[in-house]
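> The sequence isn't on hand, but the structure is:
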């Protein structure tokens, strides 16, 4: 077990604590734990690349931890009415659609490897920024007028573009008009564990 993988596991474990803090309205703790989780994401990727500790497990574990964190935080913030339900639905639906498409392609004998798109990476950054701003406003009382709304608009726009891009590629792959895959892979937006 490499250090980057242990950090990813730590990030998975801390997700449950962040959810509990958000639901119980322990906003300051939720904010700082979210910051720690975000920093751990950057640290494990840096260590993996810098010291050659990339592994097949890390290639799956790192994006899994990232997705678990974002999906859980968005669902929790939606439950306590800190994010609108429609935004949570948009964000979560994208991941459900992509994972469902990958599973379906495997089931039909046409395994697909979803490659990270630049728009998807930008979308992930904005999703993290929005969650951080909302948690920061609640936990630290720091508010920038209009910023949450602007981030919400940007997240919805990029989430929609990212979803459509993946779906167009998937449909092309399934119809045989485009060779996207050389084998099955985990669904992911960032694959620091194995390089990008």
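All right, it came through fine. Just so you know, these numbers come straight off a predicted model, no measurement behind them. Residues are numbered from 1 along each chain as shown.
> which residue is nearest the centroid of the protein?
Nearest to the geometric centre of the chain sits residue 67, at 3.6 Å (Cα atoms, centre = their mean).
> isn't that residue right next to residue 95, touching?
Yes. With contacts counted by Cβ atoms under 8 Å, residue 67 reaches residue 95, the gap being 6.4 Å. The way it works is simple: take the backbone N, C-alpha and C, and place the C-beta from them, glycine included.
> follow-up on the earlier one: remind me which helix or strand the residue nearest to the centre of the chain belongs to.
Residue 67 is part of helix 56-79 when elements are defined by DSSP states H and E.
> which residues in this protein form helices?
Using DSSP state H, the helices of the chain run over 3-23, 27-50, 56-79, 85-107, 118-140, 147-175.
> Give me the contacts around the shortest one.
Under the criterion Cβ atoms under 8 Å, 6 or more residues apart in numbering, residues 26-27, 29-30, 33-34, 36-37, 40-41, 43-45, 47-48, 53-55, 57-58, 61-62, 64-66, 68-69, 72-73, 76-77, 79-80, 82, 135, 192-193 lie in contact with helix 3-23.
> average pLDDT across that helix?
In this model, helix 3-23 carries a mean pLDDT of 93.
> now do the last one
This predicted structure assigns helix 147-175 an average pLDDT of 93.
> Then the second one?
Confidence over helix 27-50, taken as the mean pLDDT, stands at 91.
> which outside residues touch that helix?
Defining contact as Cβ under 8 Å, 6+ apart, one finds that helix 27-50 is touched by 2-5, 7-8, 10-11, 14-15, 17-18, 21-22, 53-55, 58, 62, 65-66, 69, 73, 128, 131-132, 135-136, 138-140, 190, 192-193, 195.
> count of residues packed around residue 20?
By the measure other Cβ atoms under 10 Å, the count of residues near residue 20 is 14.
> Give me the distance between residue 55 and residue 12.
In this view, residue 55 and residue 12 are 16 Å apart by Cβ to Cβ, to the nearest Å.
> Quick one, grab the pLDDT at residue 190.
On the pLDDT scale, residue 190 gets 41.
> same question but for residue 113, I mixed them up
75.
> go on, the one 10 residues further on?
Per-residue confidence (pLDDT) for residue 123: 91.
> Can you verify my assumption that it contacts residue 163?
No. The pair residue 123 / residue 163 is not scored as a contact, 9.3 Å apart, by Cβ under 8 Å.
> Looking at these two, which one has more neighbours?
Shown here are residue 123 and residue 163; by other Cβ under 10 Å, residue 123 has more neighbours (24 against 19).
> Give me the nearest residue to the more buried one, chain neighbours excluded.
Distances taken as Cβ to Cβ, 6 or more residues apart in numbering put residue 158 closest to residue 123, at 3.9 Å, once the chain neighbours are dropped.
> can you count the residues close to that neighbour?
If you count neighbours by other Cβ under 10 Å, residue 158 ends up with 20.
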